[in-house]
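Chemist: sequence and computational prediction follow.
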Amino acid sequence: MVFLEFEKPLENLYQQLDKIKQVGEAGDIDVSDKIGELEKKIKQTRKDIYSNLTGWQKVQLSRHPERPYTMYYINQMCKKFVELHGDRYFKDDKAIVGGLANIDGINVVIMGHQKGVNTKMRQYRNFGMANPEGYRKALRLMKLAERFNLPVVTLIDTPGAYPGIEAEERGQAEAIARNLFEMAQLKVPILCYVIGEGASGGAIGLGLGDRVYMLENTWYSVISPESCSSILWRSWDYKEQAAEALKLTPDHMSEFGIIDGIVKEPLGGAHSLPDEMAKLLKRHLKKELSELMELSPEDRIKARINKYSTMGVYSRKKTTTEEKV
Amino acid sequence: MGWFKRLKDGIITSTKDKKEAPDGLWYKCGRCKEASTMKEVRENFHKCPHCNYHIRIGSHDYFDLIFDGKYEEIIDDLLAEDFLEFTDLKSYKERLEAAKKKTELDDSMSVAVGKVNKQPLVIAAMDFSFIGGSMGSVMGEKISLAIDYCLETHTPFMIISKSGGARMMESAYSLMQMAKTSAKLTLLAQAQIPYFSFLTDPTTGGVTASFAMLGDVNFAEPEALIGFAGPRVIKETIKKDLPEGFQRSEFLLDHGFLDFIVDRKDLKTRISDMLSFFPVAAAT
């Protein structure tokens, strides 16, 4: 098990538990009472830690090395999955995966950012940072979905779109912009979930939908806390303050009305019980899809555009001065 | 080598020996270092008369350059709010106040309607001097309302971009302006009303990755920095020097993301020419 810094109390308890179990196995002392006590304590400690997470702690959890990624959810949720590759223009981006899937009898086109599970795979997946061809592959799959009237599901988990020379040469900005433009008027339902990191343009390039949800221990923001710290504080050391200032947690996003709700994670985070998490996500997804599929394409598009049109907070200059009584 | 060859580049006169010239009379080009009078610069479309460097100018300068004489400012009553109570080294509220005082503007975008060689056009233009031309809720709403205005009056639309990207102090709200503006542009496209995107130095981040790249025609000023990620971020990521001319207008034209580059002196004629190709049915 990998413990994050704020999980230290848990790590200590687990170490104690291991020791006691060893003692129990070695000799004839009955340790079952002690084990029960410790397990209870672990549960309580976990509850305490997880009910009071800061913005930065949520960021850390969203990047937990054992956290399930897009392919895990697809494999767990879908009876059938045919992965489709390539953008038909340049190449196949490994940082975004997608294809045809069947979820309990419902055919969908599902796609998402994919991170690697070990050092080699992390490089292979470019750490979940897509190039323009990734966004163009995603758009190709969405257009395919539209043609055959299949709903689109996107899973968002990226530290950002890749900032590289080739990415600029091939039009990273255009690729993301094009996706926003096309997703706004796609005739089929679009359902989005932030399952890990929701960083900026790289995230929203797959994130314009009829409904957008976030898993409980994720974040969504215009910039990562590290980059925000480096730009506004001119130092990398203020990431925790930046994470708070950006108000990037699912609770904030939900309160602002930017997302439609939060999908609860098992206690201890998605990585503690990944199969349970996949079940929760599947249940949520099925319910949402059936609701969205009832609407006509025209109504759906209208509602989608209206939803985004009302996002923003500003005030109006007073043109008339009312007399105060 | 001759004894007279200049060995050191740049200014070597210490600040205390510097000769003061009154402000507003002279302009010293940041690129070729040549001096010109402000009058010469103004008459030369705000470009350096020596090297043709396109000096960064504000929204109202563009309105003056493009419209036939008078124009009307619209959607000018929106004000940004520090609703997240965002504080870094300074609070967002303080930054807004300082920017307003410095620029005498309310935010980083102004919208105006006028005529270009007698053809109506709505222009939404940015001011880089206002928090780096950053896009927050106000810019998003101004674009959204300008599009509504164009839909109602059947007027072509143009955005002049000059921005560092999304405004961090409005966090996810500013990110959502990318979705909002792009979604609204689909309505213009459906109504067959042309949208021109004019990119000027600099246009980066969320602005480029949404409406700035979505023009029916995309065009730029010469040598403008245009990109998704800023050059510093790319350099830090790849740990290599960037090639000469990288992310400049000419680079984007070469890679197929711009239709053309236009010198500021030809700007008005070019816009007028384009408008003549996109007749818009009059509002009924």
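Modeler: Yep, it's here.

Chemist: packing partners for the host helix or strand of A:Leu13?
Modeler: Under the criterion of DSSP states H and E, A:Leu13 resides in helix A:8-26. Packing contacts for helix A:8-26, counted by 3 or more C-beta pairs under 8 Å, 6 or more residues apart in numbering or on different chains; DSSP states H and E, involve helix A:32-50. Every C-beta, even on glycine, is put in place using the N, C-alpha and C of the backbone.

Chemist: relative to helix A:8-26, how tilted is the helix it packs on?
Modeler: 160 degrees (axes from the mean of the first three to the mean of the last three C-alpha atoms, to 10 degrees).

Chemist: how far is helix A:32-50 from where the chain is centred?
Modeler: In terms of C-alpha atoms, centre = their mean, to the nearest Å, the centre of helix A:32-50 is found 29 Å from the chain centre.

Chemist: can you tell me what sits against that helix?
Modeler: The contact list for helix A:32-50 (C-beta atoms under 8 Å, 6 or more residues apart in numbering or on different chains) reads A:6-7, A:9-10, A:13-14, A:16-17, A:20-21, A:24, A:267-269.

Chemist: now list the buried members of these.
Modeler: A:6-7, A:10, A:13, A:17, A:20, A:268-269 (16 or more other C-beta atoms under 10 Å in any protein chain shown).

Chemist: the closest residue to A:Leu10 other than its chain neighbours: neighbour count?
Modeler: On the basis of C-beta to C-beta, 6 or more residues apart in numbering or on different chains, the spatially nearest residue to A:Leu10 that is not a chain neighbour turns out to be A:Thr45, at 5.7 Å. Using other C-beta atoms under 10 Å in any protein chain shown, A:Thr45 is surrounded by 15 other residues.

Chemist: about what we covered before: between the buried ones among the contacts of helix A:32-50, which is nearest B:Asn117?
Modeler: A:Gly269 (62.3 Å; C-beta to C-beta).

Chemist: the closest one in helix, strand or coil?
Modeler: coil (DSSP: H, G, I helix; E, B strand; the rest coil).

Chemist: in what helix or strand does B:Leu79 lie?
Modeler: Per DSSP H and E: strand B:78-80 holds B:Leu79.

Chemist: report the buried residues of that strand.
Modeler: Buried residues in strand B:78-80 (16+ other C-beta under 10 Å): B:78, B:80.

Chemist: any chance of the buried ones among the contacts of helix A:32-50 in TSV, plus pLDDT?
Modeler: Output for these, formatted as TSV (pLDDT from 0 to 100):
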residue	pLDDT
A:Phe6	91
A:Glu7	90
A:Leu10	91
A:Leu13	92
A:Leu17	91
A:Ile20	89
A:Gly268	90
A:Gly269	94
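
Chemist: need those in TSV with distance to A:Leu84, can you?
Modeler: Below are the buried ones among the contacts of helix A:32-50 laid out as TSV (distance: C-beta to C-beta, whole Å):
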residue	distance to A:Leu84
A:Phe6	40
A:Glu7	38
A:Leu10	41
A:Leu13	45
A:Leu17	45
A:Ile20	51
A:Gly268	34
A:Gly269	31
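
Chemist: and the gap between A:Ser309 and B:Ser144?
Modeler: 6 Å (C-beta to C-beta, to the nearest Å).

Chemist: what is in contact with those two at once?
Modeler: Taking C-beta under 8 Å, 6+ apart as the contact rule, A:Ser309 and B:Ser144 both touch B:180, B:184.

Chemist: between the two, which one's more packed in?
Modeler: Neighbour count, other C-beta under 10 Å: between A:Ser309 and B:Ser144, B:Ser144 has more, with 23 against 20.

Chemist: A:Leu292: what's it in contact with?
Modeler: Contacts here follow C-beta under 8 Å, 6+ apart; on that basis A:Leu292 touches A:151, A:189, A:191, A:210-211, A:300.

Chemist: are any of those buried, and which?
Modeler: Buried among those by 16+ other C-beta under 10 Å: A:151, A:189, A:191, A:210-211, A:300.

Chemist: of the residues you listed, which belong to strands?
Modeler: Those of the buried ones among the contacts of A:Leu292 mapping onto strands are A:191, A:211, per DSSP state E.

Chemist: tabulate the buried ones among the contacts of A:Leu292 (JSON lines), appending pLDDT.
Modeler: Formatted as JSON lines, the buried ones among the contacts of A:Leu292 follow (pLDDT from 0 to 100):
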{"residue": "A:Pro151", "pLDDT": "98"}
{"residue": "A:Pro189", "pLDDT": "98"}
{"residue": "A:Leu191", "pLDDT": "98"}
{"residue": "A:Asp210", "pLDDT": "98"}
{"residue": "A:Arg211", "pLDDT": "98"}
{"residue": "A:Arg300", "pLDDT": "97"}
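
Chemist: remind me which residues of the chain are low pLDDT?
Modeler: Assuming you mean chain A. A:319-325 (pLDDT under 70).

Chemist: that's the other chain; I wanted chain B
Modeler: B:1-8, B:10-13, B:15-23, B:282-284.

Chemist: hmm, back to that, nearest to B:Leu96 among the contacts of helix A:32-50?
Modeler: A:Phe6 (34.7 Å).

Chemist: what's around residue 54, how many residues?
Modeler: With no chain named, the answer covers chain A. With other C-beta under 10 Å as criterion, A:Thr54 counts 13.

Chemist: my bad, chain B
Modeler: For B:His54, using other C-beta under 10 Å, the count is 19.
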